[in-house]
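Asker: have a look at this prediction, sequence included:
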Amino acid sequence: MENTIPVEERQRLYELCKTYLSGKWTEVTANELIIKPVTDGFVNKLYYCGLPDHMDTKYNKVVVRDVDYEQFKDFYNQTHVIAMSVILSQINISPKLLAVFPNGTINEFIECRYFNATDDVNPKTVGLLARKLAKFHSLDMPIPKTTKNMTELFKDFFTEELKTSASEGTVFKQIHEYNLQTFKDLTLTDELSWLANTVQELKSPVVFSHNDFNRRNTLVRDSNVNNNKEMEIFLIDFDWTNYSYRGADFGQYFCSWGQKETDFGSGDFPTDPQMALFIDAYIEEMIEINGNSYAKHEINSRERITKEAKLFALMAFMKDIMYCIWQTTLIGVTDLMPKAEVRFNCYRVLKKRILHEYPDLQ
């Protein structure tokens, strides 16, 4: 794995660690540093960097995160992202932020795993995550309180080039090559229009929203302390975080509920009682933070949040579809449209359920 790092890249990462972390990090050479690519995200690249085992220091393993702020400058502000990252690190919502450099950060590396399908039915892990989200939503951050919401971002993101690709270009060809039935049955632009109008009419409260509350951004650290199993949950990746609809994070969580896949999964959407495990824990924490008055408002009831979660899960499915179309059209990826079909079918099934349960959304 380490040998896949080009010499120039290894040297760059070494210089970053040596400059910003100092101490033991200055006592090794670039070749002695243990470097592994972690993953390529939509916006960023991650690298694990570690000192040799015999070198002991408080932070001997870190994650270097490179972010292409320039490419996505129309969607978020670099200064805001860094400010949020610093604060969230200080209050233990995210791993410790150790350094900020132009176009990137260095964080502590934690031994962890992604939140998974088993966690979804475990009251302990569900409660931890729901309470963490309630704390997150209650934060007062030094960033603009009015920003583009998800529906507006969709309009900006789904450019004429992508629309053309879907209607007659590269994406259209793959729809027919792979025989993607949901794309043939539904008109994507019509669904986007209906969804945007329905979401706006719902008037979900505006909170400090993660906006990318998926499994890859939800880390679980299991540990044993005095023979007692302990668990911590950390949130990461705040590039899309801003003040936006409360329902966005609920929808993102439930759109992957119970699925074995980390990304682009399929499966039955949870029942209302299954959703209540998360939603009730969230409400309990919000009452703890904001007082009993929180629960007196209908908009904060279990029933209302459940409705929000379902509708915004449609948004989450659509976000995955948009990602696949973007990658297929602009990057030339050839295997993502079947995954988009999986999510579009999830969208269709859930929309049918929603319209049956909530006739007012017809």
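Answerer: Done, it's in.

Asker: quick one, helices of this protein?
Answerer: Assignment of helices within the chain using DSSP state H yields the ranges 7-21, 78-90, 117-120, 123-137, 150-157, 160-167, 170-177, 181-185, 188-202, 247-254, 272-290, 302-326, 337-357.

Asker: per-residue confidence averaged over the last one?
Answerer: To tie it back to what came earlier, the one meant is helix 337-357. For helix 337-357, the mean per-residue pLDDT is 98.

Asker: show me the chain divided up by domain.
Answerer: 2-108, 113-361 (automatic domain parsing).

Asker: would TSV of the ones you listed with mean neighbour count be doable?
Answerer: Where C-beta positions appear, they are placed from N, C-alpha and C, glycine not excepted. Putting these into TSV (neighbours: other Cβ atoms under 10 Å) gives the following:
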stretch	mean neighbour count
domain 2-108	16
domain 113-361	18
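
Asker: mean pLDDT for these: which is lowest?
Answerer: domain 2-108 (a mean of 90).

Asker: tell me how far the residue nearest to the spatial centre of the chain lies from residue 134.
Answerer: Against the mean C-alpha coordinate of the chain, by Cα atoms, centre = their mean, the closest residue is residue 212 at 2.6 Å. Distance from residue 212 to residue 134, counting by Cβ to Cβ, to the nearest Å: 18 Å.

Asker: equivalent analysis for residue 307, please.
Answerer: The value you get for residue 307 to residue 134, if Cβ to Cβ is used, is 18 Å.

Asker: do the same with residue 350
Answerer: 24 Å.

Asker: rewinding a little: can the helices of the chain go into TSV with extra columns for distance to residue 208?
Answerer: What follows is the helices of the chain, written out as TSV (distance: least, Cβ to Cβ, whole Å):
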stretch	distance to residue 208
helix 7-21	28
helix 78-90	9
helix 117-120	23
helix 123-137	6
helix 150-157	14
helix 160-167	29
helix 170-177	34
helix 181-185	34
helix 188-202	18
helix 247-254	10
helix 272-290	12
helix 302-326	16
helix 337-357	26
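
Asker: so which of these comes closest to residue 229?
Answerer: helix 123-137 (9.4 Å; Cβ to Cβ).

Asker: so what touches the closest one?
Answerer: Helix 123-137 is contacted from outside by 93, 115, 119-120, 207-210, 213, 218, 220, 231-233, 235, 246, 249, 253, 277-286, 289, using Cβ atoms under 8 Å, 6 or more residues apart in numbering.

Asker: mind doing that once more with 6 Å?
Answerer: Identification of contacts with helix 123-137 by Cβ atoms under 6 Å, 6 or more residues apart in numbering yields 119, 207, 208, 233, 249, 277, 278, 281, 282, 285, 286.

Asker: and it with helix 78-90, angle?
Answerer: Angle, helix 123-137 to helix 78-90, by axes from the mean of the first three to the mean of the last three Cα atoms, to 10 degrees: 130 degrees.

Asker: distance from helix 123-137 to the middle of the chain?
Answerer: Chain-centre distance of helix 123-137: 15 Å, with Cα atoms, centre = their mean, to the nearest Å.

Asker: same check on stretch 251-260?
Answerer: 11 Å.

Asker: mind checking the end-to-end distance for it?
Answerer: Terminal residues of stretch 251-260 lie 18 Å apart, using Cα to Cα, to the nearest Å.

Asker: repeat that for stretch 144-155.
Answerer: Across stretch 144-155, the terminal residues are separated by 21 Å (Cα to Cα).

Asker: quick one: contacts for residue 264?
Answerer: Here residue 264 is in contact with 339, 342 (Cβ under 6 Å, 6+ apart).

Asker: my error: substitute residue 234 in the last question.
Answerer: Here residue 234 is in contact with 94, 95, 219 (Cβ under 6 Å, 6+ apart).

Asker: closest to residue 62 among those?
Answerer: Nearest to residue 62 among those, with distances taken as Cβ to Cβ, is residue 95, at 9.5 Å.

Asker: the closest one and residue 281, how far apart?
Answerer: Counting by Cβ to Cβ, the gap from residue 95 to residue 281 is 23 Å.

Asker: give the contact list for residue 196.
Answerer: By Cβ under 6 Å, 6+ apart, the neighbours of residue 196 are residue 151.

Asker: next: residue 357.
Answerer: Residue 357 touches nothing, counting by Cβ under 6 Å, 6+ apart.

Asker: try it again with 10 Å
Answerer: With contact taken as Cβ atoms under 10 Å, 6 or more residues apart in numbering, residue 357 is in contact with 272, 306, 307, 310.

Asker: just to revisit the earlier point, wouldn't the residue nearest to the centre of the chain be in contact with residue 320 here?
Answerer: No. Under the criterion of Cβ atoms under 10 Å, residue 212 makes no contact with residue 320, lying 11.4 Å away.

Asker: quick one on the thing from earlier: how about the helices of the chain, which one is nearest residue 262?
Answerer: helix 117-120 (9.8 Å).

Asker: off-centre distance for that closest one?
Answerer: 17 Å.

Asker: what's in contact with it?
Answerer: By Cβ under 10 Å, 6+ apart, helix 117-120 touches 113, 125-126, 128-129, 215, 218, 220, 231, 233, 253-254, 256-262, 265, 267, 270, 274, 277-278.

Asker: and the contacts of helix 123-137 as JSON lines, adding distance to residue 331?
Answerer: Shown next, in JSON lines, are the contacts of helix 123-137 (distance: Cβ to Cβ, whole Å):
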{"residue": "119", "distance to residue 331": "31"}
{"residue": "207", "distance to residue 331": "33"}
{"residue": "208", "distance to residue 331": "31"}
{"residue": "233", "distance to residue 331": "32"}
{"residue": "249", "distance to residue 331": "27"}
{"residue": "277", "distance to residue 331": "38"}
{"residue": "278", "distance to residue 331": "34"}
{"residue": "281", "distance to residue 331": "39"}
{"residue": "282", "distance to residue 331": "36"}
{"residue": "285", "distance to residue 331": "40"}
{"residue": "286", "distance to residue 331": "40"}
